[in-house]
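Undergrad: Sequence isn't available, so here's the structure alone:
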């Protein structure tokens, strides 16, 4: 019994010493962590103050030596566990130091590859070279993009959610190409045939092929053809609308909500200049849709050849400039809307504008296209399209 008690006592004493040792080790580790955290927070404060108050040339020198100041701030804040909102606010203040608004409307500017300039409301970022100032544009929102790389070359309120009018038909066409079988022969209803602007001239009770409906929708901007396309979905019109919104989300067009297939004014329906470029790019990647957008005219007739007639391309920019593809729209709330892609000097330049007064949609888009083409090599991106 004595032997057993002696062993038990020794075991208890050993366990006690081990526990105290572990406790001391844990305390030492906690103390070291607190010291590291204190040092990191002090470094965060110092670097953040420099990032938000130092002149822009100081940041440029840091980048020139391979240590981007903004990246250093972000890394230190991540290690120290600074709140994301606080970090975003500090970075936003740092970004504002790199933005220069010009008061002159014409001329040139020589960039440094970093600074974002604003001229005639357009944000742009020149490389270390001379570029001309962007043109004056009359619209509520616009964007100009290199479609081959997704680089946004110039922008003004590109994510503003605005009425988009018939440019929404590009999303309708993309959705139809993916969900409506090509051999579909849809019988047009009275609701579809009697839309505001029944420009495709569809007859109720007649059956039309899918590609005929696409031509009637995209060329003369027929709202009758747009709703007939929606009605031809295997699960009906509502399923088609739902598919439109799923497609917009999948394309990255997160500013876009469709409430109908035509783009007519509806509560909750909107898009943005940046999203319209995404929709046009997706449309041009669908052979059936791209083929229609390239047509100057098309023949509309039922599958049995009844009531044949011709419809014409209604987008003035496409009619006026070779190598252009796109879609225009107009409603009273939206004013003039336009999204076009132009092949010019081996470049594919996309432009979208929303809310242009009458007569300024085509001229504004052309001016932005020519400016981007002329200064193509001298412009850095001020944004990037998703999935590029």
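TA: Perfect, I can see it now. Bear in mind the structure is a predicted one, so any value in this text is a computation, not a measurement. Numbers count the residues shown, from 1 in each chain.
Undergrad: Where do the domain boundaries of this structure fall?
TA: Following automatic domain parsing, one finds the domains of the chain at 2-96, 165-380.
Undergrad: And those domains, which one averages the lowest pLDDT?
TA: Note on the domains of the chain: domain 2-96 shows the lowest mean pLDDT, a mean of 51.
Undergrad: all helices in this structure, in order from the N-terminus.
TA: Secondary structure of the chain (DSSP state H): helices at 2-53, 56-64, 69-80, 84-96, 169-179, 190-193, 210-218, 223-231, 237-251, 273-284, 287-293, 316-320, 361-374.
Undergrad: which residues touch the shortest one?
TA: Contacts made with helix 190-193 from outside it, assessed by Cβ atoms under 8 Å, 6 or more residues apart in numbering, are listed as 202-204, 224, 227-228, 231. All C-beta spots, glycine's among them, are computed from the backbone N, C-alpha and C.
Undergrad: Can I get these in CSV including distance to residue 317 and neighbour count?
TA: Below are the contacts of helix 190-193 laid out as CSV (distance: Cβ to Cβ, whole Å; neighbours: other Cβ atoms under 10 Å):
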residue, distance to residue 317, neighbour count
202, 26, 27
203, 31, 15
204, 33, 14
224, 24, 28
227, 25, 28
228, 26, 30
231, 30, 19
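Undergrad: ok, so of those residues, who is nearest residue 363?
TA: Nearest to residue 363, judged by Cβ to Cβ, of the contacts of helix 190-193 is residue 224 at 30.1 Å.
Undergrad: how near is the closest one to residue 195?
TA: Computed with Cβ to Cβ, to the nearest Å, the distance linking residue 224 and residue 195 is 5 Å.
Undergrad: ok, residue 102 - contacts?
TA: Counting by Cβ under 8 Å, 6+ apart, residue 102 makes contact with 109, 117-119, 133.
Undergrad: I misspoke; the intended subject was residue 230.
TA: Residue 230 makes contact with 172, 237, 240-241, 260-261 under the criterion Cβ under 8 Å, 6+ apart.
Undergrad: how about 6 Å then?
TA: For residue 230, the contact set (Cβ atoms under 6 Å, 6 or more residues apart in numbering) comprises 237, 240, 261.
Undergrad: One more: residue 252?
TA: Contact partners of residue 252, counting by Cβ under 6 Å, 6+ apart, are 278, 386-387.
Undergrad: Make a markdown table out of the residues you listed and add distance to residue 103 and neighbour count.
TA: Output for the contacts of residue 252, formatted as a markdown table (distance: Cβ to Cβ, whole Å; neighbours: other Cβ under 10 Å):
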| residue | distance to residue 103 | neighbour count |
| --- | --- | --- |
| 278 | 33 | 29 |
| 386 | 34 | 11 |
| 387 | 37 | 11 |
